[in-house]
Structures are given as C-alpha cells and as structure tokens.
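below are the sequence and a predicted model; questions follow.
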Amino acid sequence: MANIWQQQPLAAALDLTDYTAKVKNYILEHFEDLPLAYVHSFGCQQNTADTEKIKGLLAQMGYGFTTQLENASLVLYNTCAVRENAEKRVFGTLGALKPYKRQNPKMVVCVCGCMVEQEHVVAKIKKSYQLVDIVFGTHAIKRLPKMLYEHFTHQYHVIDLLDDQQGIAEGLPILREDTIKASVPIMNGCDNFCSYCIVPYVRGREKSRKSEDIVAECRQLIKQGYKEILLLGQNVNSYGKGLEENINFARLLQKVNAIEGDFRIRFMTSHPKDCTYELLDTIAACEKVCNHIHLPVQCGSDRVLKEMNRHYTAGQYLELVRYAKEHIPNVTFTSDIIVGFPGETYEDFLKTIALIKEVRYHLLYTFLYSKRMGTRAALMPDPVEAAEKSRWFNELLQVQDAIGLEINQSYVGKTLRVLIDGPGRTAEGTLCGRCESNIIVECKGSAAYIGQFVDVKITQAFKWALVGDMII
Ligand code: SAH
Ligand code: SF4
Ligand code: F3S
C-alpha cells in the first residue's frame, strides 16, 4: 500500500450506524470466515474502558475476537503516554508485529489512544511503522466504523485525531470482559495540568457526563447482575463542572447509592485539592460506597508539590486523611507517588517518607519521574542522577512494604465481606476476591461462589494478600 495518509474530516452529523452496516456488508462479501480482532490496552482504567467501547463497535461490525496474533484480521493497540516506558512498549510491540503483517498483508493494524495524540508519535509511525493502517485519538472512537470502511474501500492509511471536544459519546455499544465488576467513566479529560503530566494534553479538557446517563448505565449494569461499579475520571472530585444540572461528585455518589440492589461502589481518582468534607461525609453515609480512597499525594514536600502544580500542602492533605479516619469506619488509603521530580532533593524525599509513615497507606503505586515532552516539568533542571533516584525509590519501597504488611496483619482474626471475583492464584480449589478496602483475599471454596459476596475469617496475612476461611 502506498504511504498515503487520509485525514478524516470532522463528522459530527455523520450517521455512524450507516457505516457499521457498510463494514458489516463488506465483511460478508470479502471474508470467508468470521474475521477475528486482536485488541490490547496499554493504559489505565480509562483506557480499558475506551477499549470496551471499541470492542463493542467491532462486534457490531461483525468481528469476533482472538488472543492469537496469527489468527487476527485486525490488530488494535490502545496506547498510553503517561510515562516513557509505556511508549517504548508500544513501539516494541509494533516492531514485533512486522512478521505477522508480512505473512498476512491484509491484516488491518490500528493504533489509538493517548500516545497518538502527540505529533512526534504520529510522525514516527508515519515514517517508520508503515504497517500501521489506522491511527485515531481518544475522541474519535465513535468514528471507527467510518475509518475502517474508508480503509477497506480506498486502501489508504486513515488518521483521525481531530479533537472535537464532544466529551464522552453516549450510546456506543460496550463489550465488557468482566461480568462481576464494571467501570463507568463519569467524565473525560483533565484540566489540572500537574506540571509533570501529559494527560491534559492528550485527553483534552475535562467534560462530565450527565448524571442521568451515568445513573441509567449503572442501573442497567446492576440489573444485569454486576456487583461492583467503579466510577472513573482523572479527577472525579471535580465531577459536574460545566454541566447545566446542579450536581457535584458527592451528589452523584448519593444517586448511584440510591439504586436498589446488592452492590459496591468504588471510584477513582480523587484529587486532594478537590476532596471536600462534604464528599468524605457522603462516603461515610452511603452504605454501598467502599471505605477505600485512592488519594494520590505524589510527594510530601510542599516545595515540590508547588512545583508540581498540585494546589495543596502536605498539611492540608494530612488534615483530609485525619478527617476521613475520624468519620469513615475502617477507612483505608492508597496513593500514587512520584520519586525524582526535577529539583527534588533527598530532604524533600524524606518528607514523602514521613508522610507515608503518618498516613499508613495499605498500597502505593510508585513511579520514577519520567520526562514528558510538552509538559512544564520537562523544562525544569533535573540534576539528580538516575542511580540516586533509584536508591530513593528502593528506600521508599522498603518503608511501604513494612507498613503494608503491618496493616494486613492487623486483619488476622477479623471477618471481612469479600466479593469473590475468580479462582485463587496460589492453589487448586481456592478463590480470590477483594474486601471493601480493596485488599486481595484468598480462601478455599467452590467456583459457584464466583460473583458472590461471602464472609471470610482471616487467618494469614502477606504483603499482597490476606488468606482466610469462608464462613458459610
Ligand atoms: N489523574 C490521576 C492519575 C493520573 S496518571 C491523578 O491525578 O492522580 C497516574 C499516575 O501516574 C499519577 O498519579 C502519577 O503518579 C503518575 N505520573 C503521571 N505523570 C508521570 C510522569 N511524567 N512521571 C512519572 N509518573 C507520572
Ligand atoms: Fe495528570 Fe494531574 Fe490531571 Fe491527574 S490530575 S491526570 S496527574 S494533570
Ligand atoms: Fe490513561 Fe495513559 Fe492516557 S494513564 S489517560 S492511558 S496517558
């Protein structure tokens, strides 16, 4: 195929159903067997939620799915740009795809998601990864049928990165992998511009979904038998901004909590700057809302927090944690931490360690700072050697490992309500699930319990999980 890239026009008024039917007919006429798609997500929960919509569209167009590249007529990678490693993995994966495409030149290769919203990435794909046929951004998912049709009928490469800022498209089909837990995006994009972060540049401005659409989706999921709803957004605490209705995240939680049924509500991510006492009181008052808060602090030094553009101090953060511990029974916290932000000193880092010891998180997601082109932090002097940052990173892991284990040990002898979500990983005949605090719990039991809430008396604690006996 000639290396011609066709930029797609903005297609707000387009009849997308029409294109779904067109691709379906094309497939019936040109494929002998059911064509299979290989789809992989590289990113966060939002990225996975987008992938579920993409799979919904593909299924509607007549695709089945495979986990074997050699059987795939279509390969789609939904990418992430948050750290350099994520991008390297995508390019490595595309390189490894070359022999498959050589063997099956008709294979359609699509690359979408956050990473391709950067000009230098698109330039690299056009120059060095000619095997890629379709490139599209996070706002263009709904136009996938049109892109595929254009590609099939004209044989050119298709690109659709137009940022039409329409927020989350309603009504797209969703093909969910899980039958027990469901993610429900409540907003898209981010307005916060933390100085290290690429997300606002690749996902665009924050747009909230109408609460009636969210509640209707949740209600439908509960009716289908889902037992856990995860409300998703880059900063759920600022939910509602720009909507005509008078709503905020606390009120949305109340609405979802009011849906009848036996299910749990989780949410992420909470930005500390927008975490209000009203919200913490609501978490305490809503019986279906879990007592676990993922509240990324990123760093414990006020000077670095300011450079990061986070809009809170360590003291303000600790005050929120104190209030939550006082008002939400058995509340647990998890957090994201960045080690080695430009200009961070060992003294700054020790403040992070002190904060971690004070909050006592049950789990931390720790990241070494990764320079992202186009962000403000990318322009800041970054004198500390990588090896030194790695030493700090390991020091932090050791501190956290000890705290995590102590917290887990405190559950021994207690009985926890666990949502069983699959078979256990350690031994035959075991089951795995999560307690309300989101800690992994394993117990013996039959597969019939998968998808049910059970009580488990904890007998053993490890760093990553609790083990116990099911009480029947
Ligand atoms: N919106 C969420 C999460 C965004 S991305 C929030 O505000 O918390 C998930 C995590 O990746 C961030 O919390 C941060 O810890 C990390 N991260 C983002 N950009 C990074 C970078 N350039 N280098 C290292 N870690 C980064
Ligand atoms: Fe990135 Fe900050 Fe937005 Fe989170 S809140 S996505 S860290 S800019
Ligand atoms: Fe998620 Fe990565 Fe995009 S973390 S929002 S997939 S840059």
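Perfect, I can see it now. Ligands and ions are numbered 1, 2, ... in the order given.

how deep is whichever residue of the stretch 101-250 of the chain sits closest to ligand 3 tucked in, by neighbour count?
Nearest residue of the stretch 101-250 of the chain to ligand 3: Cys114, at 3.2 Å (Cβ to the nearest ligand atom). Placement of C-beta: from N, CA and C, glycine included. As a burial measure, Cys114 scores 27 neighbours (other Cβ atoms under 10 Å).

also the one 4 residues further on?
Neighbourhood size, Gln118 [other Cβ under 10 Å]: 19.

my guess is it contacts Arg372. True?
No - look at Gln118 against Arg372 with Cβ atoms under 8 Å: they stay out of range, at 9.1 Å.

so for the two, which residues contact both of them?
By the contact definition Cβ atoms under 8 Å, 6 or more residues apart in numbering, Gln118 and Arg372 are jointly contacted by 81, 198.

residues contacting the residue of the stretch 101-250 of the chain closest to ligand 3?
43, 47, 79-82, 138, 198-199, 202-203.

now swap in Tyr365 and tell me
Residues counted as contacts of Tyr365 (Cβ under 8 Å, 6+ apart) are 296, 334-337.

one more: Ala86?
Ala86 touches 42-43, 79-80, 115, counting by Cβ under 8 Å, 6+ apart.

and the stretch 1-150 of the chain, which residues reach ligand 3?
Counting by Cβ under 6 Å from any ligand atom, the residues of the stretch 1-150 of the chain lying close to ligand 3 are 43-44, 46-47, 80-82, 114.

ugh, wrong one, I meant the stretch 151-300 of the chain
Within the stretch 151-300 of the chain, the positions near ligand 3 by Cβ under 6 Å from any ligand atom are 199, 202-203.

between those, which sits nearest Ile403?
The shortest approach to Ile403 among those belongs to Val199, at 28.2 Å (Cβ to Cβ).

my guess is that closest one contacts Phe193. True?
No - look at Val199 against Phe193 with Cβ under 8 Å: they stay out of range, at 9.1 Å.

more neighbours, those two?
Comparing Val199 with Phe193 by other Cβ under 10 Å, the one with more neighbours is Val199, at 22 against 13.

what residues does the stretch 151-300 of the chain have near ligand 2?
Counting by Cβ under 6 Å from any ligand atom, the positions of the stretch 151-300 of the chain adjacent to ligand 2 are 190, 192-194, 197, 199-200, 234-235, 271.

buried subset of those residues, written for ChimeraX?
Only the buried entries of those go into this ChimeraX selection, using 16 or more other Cβ atoms under 10 Å:
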select :190,192,194,197,199,200,234,235,271
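
and ligand 1, which of the residues of the stretch 151-300 of the chain next to ligand 2 contact it?
Okay, of these touching ligand 1 (Cβ under 6 Å from any ligand atom), that's 197, 199, 234-235, 271.

can you pull the phi and psi angles for Ile450?
When quoted as degrees, to the nearest 10, the phi and psi of Ile450 stand at phi -60, psi 130.

which residues does it contact?
180, 420-423, 431.

what comes up buried for stretch 445-454?
445, 449-452, 454.

CSV for the residues you listed, including distance to ligand 2, secondary structure and pLDDT?
Converted to CSV, the buried residues of stretch 445-454 look like this (distance: Cβ to the nearest ligand atom, whole Å; DSSP: H, G, I helix; E, B strand; the rest coil; pLDDT from 0 to 100):
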residue, distance to ligand 2, secondary structure, pLDDT
Gly445, 38, coil, 94
Tyr449, 36, helix, 96
Ile450, 33, coil, 96
Gly451, 32, coil, 97
Gln452, 34, coil, 97
Val454, 35, strand, 97
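
ok, which pair from the residues you listed is furthest apart?
Greatest spacing in those, by Cβ to Cβ: Gly445 and Gly451 (12.3 Å).

now do the shared contacts for those two.
Taking Cβ under 8 Å, 6+ apart as the criterion, Gly445 and Gly451 both touch Ile420.

and Pro329, what is it in contact with?
284, 291.

surely Leu350 forms part of a helix?
Yes - counting by DSSP: H, G, I helix; E, B strand; the rest coil, Leu350 is found in a helix.

OK, contacts around the closest residue to Ile27 other than its chain neighbours?
In this structure, Ile27 finds its nearest non-sequential neighbour in Gly62, 4.5 Å apart by Cβ to Cβ, 6 or more residues apart in numbering. Neighbouring residues of Gly62 by Cβ under 8 Å, 6+ apart: 23-24, 27-28, 34-35.

Arg303 too?
By Cβ under 8 Å, 6+ apart, the contact list for Arg303 reads Asp348.

just the element for it, please.
Secondary structure assignment for Arg303, by DSSP states H and E: helix 302-307.

quick one on the thing from earlier: list just the nearest of the residues of the stretch 151-300 of the chain next to ligand 2 to Lys207.
Distance to Lys207, by Cβ to Cβ, is smallest for Cys190 among these, at 10.2 Å.

can you tell me the closest non-neighbouring residue to that closest one?
Distances taken as Cβ to Cβ, 6+ apart put Gln234 closest to Cys190, at 4.0 Å, once the chain neighbours are dropped.

quick one: low-confidence ranges for the stretch 101-250 of the chain?
When residues are selected by pLDDT under 70, those of the stretch 101-250 of the chain lie in 162-168.

can you give me the helices in it?
Here the stretch 101-250 of the chain has its helices, by DSSP state H, counting those that start in this stretch, at 119-128, 144-154, 199-203, 211-223, 249-257.
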